[in-house]
Structure formats: structure tokens, C-alpha cells
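Participant: no letters, just coordinates:
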């Protein structure tokens, strides 16, 4: 009887505990703010405005993660950070959202996409110093570029990968004390929108003799190798050469030429560069050699195609040399009859 009463009391106690339980979030709701950041994905030569829609363009995918930091507006030092991963779409476009926790005050907010492949970010613990950049190309790629040497200053030429899209949003925000979740909004009003701070260009040239080519790549000088993300501006003290692969396009049977093209991205063309905007086309031939040709394209950036569409269309025809003739000098290899050779094998 006593055991039965004890079991009944335990059941009642268990029911009381269940009824009194309250599910609570893992984080306190005080000073928690909901943040939604839209993505401006209309980018020339990447998502729209391509010169020839049938040609291959760089792969593009909507950013999957946004890195959010709040910083002291006087020093730029980061005081809070979060990663936004939840994705959505509405009448204003695609967005990522989530929650940011930060003490009350006035802060500078900086947002950028975190899942880039070639684009890197340095000095991200200070919003005023945070900068996007790309690494130098792999050593085996550099070794295959026989046309390159040191620059005029004696410093080795920095040849880097072209960047992939870097989306950035910034704002000054005022955070009051709140004991429940509120919505974070820009102090200037409107919505948070992350815009791409890299440019994507289309480049094409005509080539005669593409049947003798196995691969082609380009080197473009006079480009900025990095860009500050706060009030985005290129780093003029960081000149680099961009490296990117070329693709084979349509053929013209009338003059036996082939369009060779590429789309490449950059942090910007260095201002005031004269006679240093050069593109080198580097071809690997089917007969085991390389052929390169360098063209000055400084004036091409002032043409309407460049100013309005970011297209560089070269009129020059590059001619790939034909394979060298076999015979007519040098060694004349051949295979004679087999001879039987007998010898003792000493073990």
C-alpha cells in the first residue's frame, strides 16, 4: 500500500514539473536585434549584360553566408559579430537574415559575404582597415609563364588570381537597450543592401591558328590588387597583374580566325596608369612550345564599349606559328633491323 502511494506521489510530482516547465532560448533576448541584408545581384558581365549570351561566363552563385560586425565608430575595432545563414526572398530580392547581439550604443556596421573562393579578407577585426584581396597564383602556374620577369623597380611582378564577387554593406546604427528582439535598421533609413565591390569585364581577341593551341591564358597589368571595404576604394599602392584563362569562341571561316575570350574580375583599374595597361596572351601549342603576344590596351578603356558595358574588344589578329617542318636538317631518326646480342649475366 505504501509503495502504491509513493508511486502516485511521484507521478503527480512529475506532472507538476512538466506543467511548470517553460522553454527558453539558448541566448537571452536582451540587446538582441533581428537583421536582414538584401543582395544587389545585378552585375555586368556576370549576371547580366554579357557580350555574347552563348559564351561561357564565370560560375556565379548567391552568397550563402554573410559576416556581420559592429565596431566602435571612433577606432573601428570590432565589438560584436555574427554570421547570417538563413536565406529568403521577397519583393525586394534575395536576402540573408539572423540575429545580432550587441550592447546599446552607436556603432558602425559592416557586412560582407564569407563564402568566397579566391577573394580573401585581411584585417577584419577593424572595419576601417578591412580589405579584400586575392593570393598570388600557384608556383607551377608562374613557372609556365616564360614571358614574365621583374618589374621596372626591380621588385618581382605580383601575379594574382582575379577576385570573385565581394558583396559589402555598411551603415551607422544606433542600438537602444531592449529586453526583447527588435529589428535593426539603418540610421539613414531604408534597407540594408550588400552591393558587389568588384567589377567584371569581358575581353576578346581574334586568333589565327587556334588548331595549333591546347590552352590559352592572359595576364593583365595596371590593376589594383586590393580594396578597402569601408567606403569601398581601391588600394592604389598595390599594383598587380591579373591571371585568368581564355576560352575558345566562334570561328570565322572567311578569314580563318577564332574568337578567344574571357570574363575577368578586378578590384579596379589603377588611376593615372599610362602605357602600363597591357594584356599578354600566352598560348601553349600542340607541338610543345609557348607563344605569347603583348598588346597595349590603355586607350581601349576610354571607348564606349568599355565605359558603358565593361567590354574590351580588340581588333588585332594574333597569328599562332605553324608547327615546324619535319626533316630538312638536323637529326633524321629511324629504326633499323633488330640485332641479337648475347652476353653473360654475372650474379
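Facilitator: Cool, got the structure. The model shown is predicted, which means the values in this text are computed figures rather than measured ones. Residues are numbered from 1 along each chain as shown.

Participant: what's the lengthiest strand in the chain packed up against?
Facilitator: Criterion DSSP state E: the longest strand present in the chain is strand 213-224. Strand 213-224 sits against strand 199-208, strand 239-245, strand 257-266, strand 278-285, with contacts defined as 3 or more CB pairs under 8 Å, 6 or more residues apart in numbering; DSSP states H and E. In this view, the C-beta of every residue, glycine as well, is placed from N, C-alpha and C.

Participant: contacts only, for the residue nearest the centre of the chain.
Facilitator: Most central residue of the chain, judged by C-alpha distance to the mean C-alpha position with CA atoms, centre = their mean, is residue 164 at 1.4 Å. With contacts defined as CB atoms under 8 Å, 6 or more residues apart in numbering, the neighbours of residue 164 are 58, 116-119, 198, 265.

Participant: which of the residues you listed sits closest to residue 233?
Facilitator: Using CB to CB, residue 198 comes nearest to residue 233 of these, at 13.0 Å.

Participant: what about residue 249, which helix or strand?
Facilitator: Here residue 249 is covered by strand 247-252, with elements defined by DSSP states H and E.

Participant: hang on, the earlier thing: to residue 135, which of the helices and strands packed on strand 213-224 lies closest?
Facilitator: Counting by CB to CB, residue 135 lies closest to strand 239-245 out of the helices and strands packed on strand 213-224; the figure is 10.7 Å.

Participant: isn't residue 165 right up against residue 60?
Facilitator: Yes: contact between residue 165 and residue 60 holds when scored by CB atoms under 8 Å: they sit 7.0 Å apart.

Participant: give me phi/psi at residue 299?
Facilitator: As for residue 299, its main-chain torsions (degrees, to the nearest 10) stand at phi -70, psi -20.

Participant: confidence score at it?
Facilitator: Predicted confidence (pLDDT) at residue 299: the value is 92.

Participant: and what of the one 5 residues further on?
Facilitator: On pLDDT, residue 304 comes in at 97.

Participant: just give me the neighbour total for it.
Facilitator: Counted with other CB atoms under 10 Å, the burial measure for residue 304 works out to 8 neighbours.
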